[in-house]
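Peer 1: give me a model of this one.
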Amino acid sequence: MRIKPPAVSFVMRNNLPAASTGYGRAMADIYCGLVMWESRYKEIFGTICGRYLYFKIAEEHFTQITKARSLKHAYYTSQISERNMRNTIRRFEALGYLEKNPAPNDLRASRLIPKEALLKVFQSHSNELNRLMSKHFFLVQKNQ
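Peer 2: Numbers count the residues shown, from 1 in each chain. Take a look at the predicted model:
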């Protein structure tokens, strides 16, 4: 099941110019709301590595990258140790958020496939962002 984020434009509700303090307050409110939402999912967002892995998986899911790649090249960065990333992947697997499938043509390469539980978190995250954005902005659906 793929979740496609809606294509939207946004306009401030109070007609203030973008450089005004109203825009900054709106963005701060949205950021704080997302931090509060993330606090409900400490098992994902409780560590920098967990946060990074969540957003990398979401990016691949929404951009529909399906090519199997070496996990080392796909997810590891110089800021996060390989051991930490492996442990986080295992933790996500144990929590039922991911499954790791080896590539049939190259056993060194794997894909991290989000399971239904993680897809529900993606949907909840998207809904929360839309709710927070609609408090301060008019969301206008783009024609595709």
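
Peer 1: the spatially most central residue of the chain is in what secondary structure piece?
Peer 2: What sits nearest the mean C-alpha location of the chain, by Cα atoms, centre = their mean, is residue 55, with 3.7 Å. Secondary structure assignment for residue 55, by DSSP states H and E: helix 48-63.

Peer 1: one more: residue 90?
Peer 2: Using DSSP H and E, residue 90 sits within helix 82-94.

Peer 1: sorry, back to before: pLDDT value on the residue nearest to the centre of the chain, please?
Peer 2: On pLDDT, residue 55 comes in at 88.

Peer 1: on that earlier part again, for the helix or strand just after the helix holding residue 90, packing partners?
Peer 2: The helix or strand immediately downstream of helix 82-94 is strand 98-102, counting by DSSP H and E. Under the contact definition 3 or more Cβ pairs under 8 Å, 6 or more residues apart in numbering; DSSP states H and E, strand 98-102 sits against helix 82-94, strand 110-114. Just so you know, the C-beta spots here come from the backbone N, C-alpha and C atoms, and that holds for glycine as well.
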